[in-house]
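J.: got a sequence here, can you build the structure:
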Amino acid sequence: KHHSHQGMVLLFEADTGQLVLTADAHMVTAIRTAAASAVATHALCSYAFQHERGCRLAILGTGTQAIMHAVAIQKVRKVESVAVWGRSFTKAQQIAQTIHTECDIDATPFQFAKDAVHDADIICTLTSATEPILRKEWIKPGCHINAVGVSRR
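T.: Numbering: from 1, shown residues only. I've put the predicted structure just below:
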């Protein structure tokens with residue numbers, strides 16, 4: 001399988017400049033991007049949505065970022081449940097199952113983005129879509145959105 005992000009991370013010894021490590025940038029990018037969203041969520045997401053029961057997280061996208069974001073957001077907010085939507089419902093089911101297993105929280109796949117974001121406190125859009133996947137009329141007031149993706153213009 002080819003990843004959407006190609007690259008290498010190179011680590012050099014500070015004194016000699018000798019190369020000491022090469023690493024595939026795919027996982028480094030996944031971790032870094034999710035961590036940036038978690039920092040933004042921690043700093044900008046209203047604590048009004050930090051219910052005793054936890055908040056509702058909606059993830060729009062079914063790539064590597066989906067799982068990484070569920071893990072990262074859970075580090076800065078108590079997450080009660082995760083709603084997952086993607087263009088492929090089968091992939092959304094797989095991601096929801098993985099999130100449930102790895103994060104030990106309820107995760108539900110949805111066939112429609114509108115249903116996935118209904119009543120969400122935090123939404124992460126994690127796609128390379130070139131057309132809008134989220135409409136403002138679907139979003140409840142005060143909802144925090146982490147918009148991650150590709151700008152092709």
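J.: contacts for stretch 130-149?
T.: If you take Cβ atoms under 8 Å, 6 or more residues apart in numbering as the criterion, stretch 130-149 is touched by 33, 37, 40-41, 44-46, 48-49, 60-61, 65, 69, 113-114, 117-129, 152. C-betas here are computed from N, CA, C, even on glycine.
J.: helix or strand: which one has the nearest residue to His100 once chain neighbours are set aside?
T.: With Cβ to Cβ, 6 or more residues apart in numbering as the measure, Ala107 is the residue that lies nearest to His100, at 4.4 Å, once sequence neighbours are left out. Assigned by DSSP states H and E, Ala107 belongs to strand 106-110.
J.: okay, buried residues for the helix or strand that comes right after that strand please.
T.: Toward the C-terminus, strand 106-110 is succeeded by helix 113-117 as the next helix or strand (DSSP H and E). Neighbour counts over helix 113-117 (16 or more other Cβ atoms under 10 Å) mark 113, 116-117 as buried.
J.: contact partners for the residue nearest to His100?
T.: Under the criterion of Cβ under 8 Å, 6+ apart, the contact partners of Ala107 comprise 70, 81-84, 95-97, 99-100.
J.: out of those, which are inside strands?
T.: Using DSSP state E, the members of the contacts of Ala107 that fall within strands are 81-84.
J.: what residues does whichever helix in the chain runs longest touch?
T.: Across the chain, the helix with the greatest residue count (assigned by DSSP state H) is helix 25-44. Contact with helix 25-44 is made by 3, 5-9, 64-65, 68-69, 71-73, 75-77, 122, 124, 144, 146, 148, as judged by Cβ under 8 Å, 6+ apart.
J.: circling back to that earlier point, now which of the contacts of Ala107 would you call buried?
T.: When burial is judged by neighbour count using 16+ other Cβ under 10 Å, the buried members of those are 70, 81-84, 95-96, 99-100.
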